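how would this look folded up:
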Amino acid sequence: MNTTPPHRLTDSAGQPWAGRLLRPNPFAGDDGSTPAPLRAALDTTDPDERLQAVAEVLGGVRVLVPVVAHAHPGRTADGAVAAQDPHGSGDPQADACASAAMVSVQTPDGRAALPIFSSVEQCHAWRPDCRPVPVEGGRAALAAVSDADSLLVLDAAAAQPVLLGRPAVWAIAQGRTWLPSWADPQLPEIAARALRGITEVRGIRLERGDSSELRAVLAIRPGLAREQVEMVVAQAQQALSRDAEITDRVDSLELYPVAIAE
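Next up is the predicted model:
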């Protein structure tokens, strides 16, 4: 009678395959070029319209996340290779996003953005040593929410990279349509309500910002000294940043005070 125990099948990390399913690869026919809907969005000339077009299609297209070589994880006490999948999911896309979350680029304001790419060419233009792994755009947005500062940057090495702010990334991750803050018809009233207790502010206008996503132009009572204006702007900044509806809808905000005649 043969008493040799059956051989256990394990993966490269020494984890048993029992109970794990091999899922079909949804990107088996992918040639690494930019998906047509994403190409059409990127071809939009106006920067604001391009941003909206990319956000609209990104959740439903394939993007590439960069995976770079990392140090050997070491071995366990029994000599097996230590596990490299922190989520233990066995899902190739989840593994790719978990690895990619460790690779980030810094935005001009110092935050971390998850880089994604439209094509293999764009990915290798950024880092020739990285391995481009295809994932769904919505899954990449979820990775940015959990492992970065809820920011995505598309084609970081391109002449015109596309930076998607926190509200846009949240909308993509949740399968919602993103409404830009500068086009939100409800936001001016929300901002005016937040500033209602600051009597030196006589009005507010919202517009597309230069260094930030949104600019709030504040109409300030005339006759104030420079120090008084600075204090009013600080009060307005605090009031706007405390408003939950504004923080949900606006990624970044710059204030521009203007004295008005009475």
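
all helices for the chain, in order.
For the chain, the helices identified by DSSP state H occupy 36-42, 47-58, 92-100, 120-126, 137-147, 166-173, 187-194, 226-242, 244-249, in order along the chain.

tell me which of those sits most buried.
For the helices of the chain, ranked by mean neighbour count under the definition mean count of other C-beta atoms under 10 Å, the leader is helix 166-173 at a mean of 23. Using the backbone N, CA and C atoms, a C-beta is placed for each residue, glycine as well.

same for it, what does it pack against?
Contacts defined by 3 or more C-beta pairs under 8 Å, 6 or more residues apart in numbering; DSSP states H and E place helix 166-173 against helix 47-58, helix 137-147, strand 152-154.

one more time with 6 Å
Packing partners of helix 166-173 (3 or more C-beta pairs under 6 Å, 6 or more residues apart in numbering; DSSP states H and E): helix 137-147.

any idea of the angle the helix it packs on forms with helix 166-173?
With axes from the mean of the first three to the mean of the last three C-alpha atoms, to 10 degrees as the criterion, the two stretches helix 137-147 and helix 166-173 enclose an angle of 130 degrees.

quick check: mean pLDDT of helix 137-147?
For helix 137-147, the mean pLDDT works out to 93.

can you check stretch 109-116 too?
94.

list the buried residues in that stretch.
Residues of stretch 109-116 classed as buried by neighbour count (16 or more other C-beta atoms under 10 Å): 111-116.

confidence-wise, which helix or strand of this protein is lowest on average?
Across the helices and strands of the chain, the lowest-confidence element by mean pLDDT, DSSP states H and E is helix 92-100, at a mean of 54.

residue closest to the middle of this structure?
L151 (2.4 Å; C-alpha atoms, centre = their mean).

ok, and the closest non-adjacent residue to that one?
Setting aside the residues directly before and after it, L151 is nearest to A113 in space (C-beta to C-beta, 6 or more residues apart in numbering), at 3.8 Å.

just S252 next, same as before
Nearest-residue entry for S252: S212, 4.0 Å, with adjacent residues in sequence omitted and distances by C-beta to C-beta, 6+ apart.

does the one you found touch D251 like I think?
No - S212 is beyond contact range of D251, at 7.9 Å (criterion: C-beta atoms under 6 Å).

with neighbour numbers in mind, choose between these two.
In this view S212 and D251 are compared by other C-beta atoms under 10 Å, and D251 has more residues nearby, 23 against 18.
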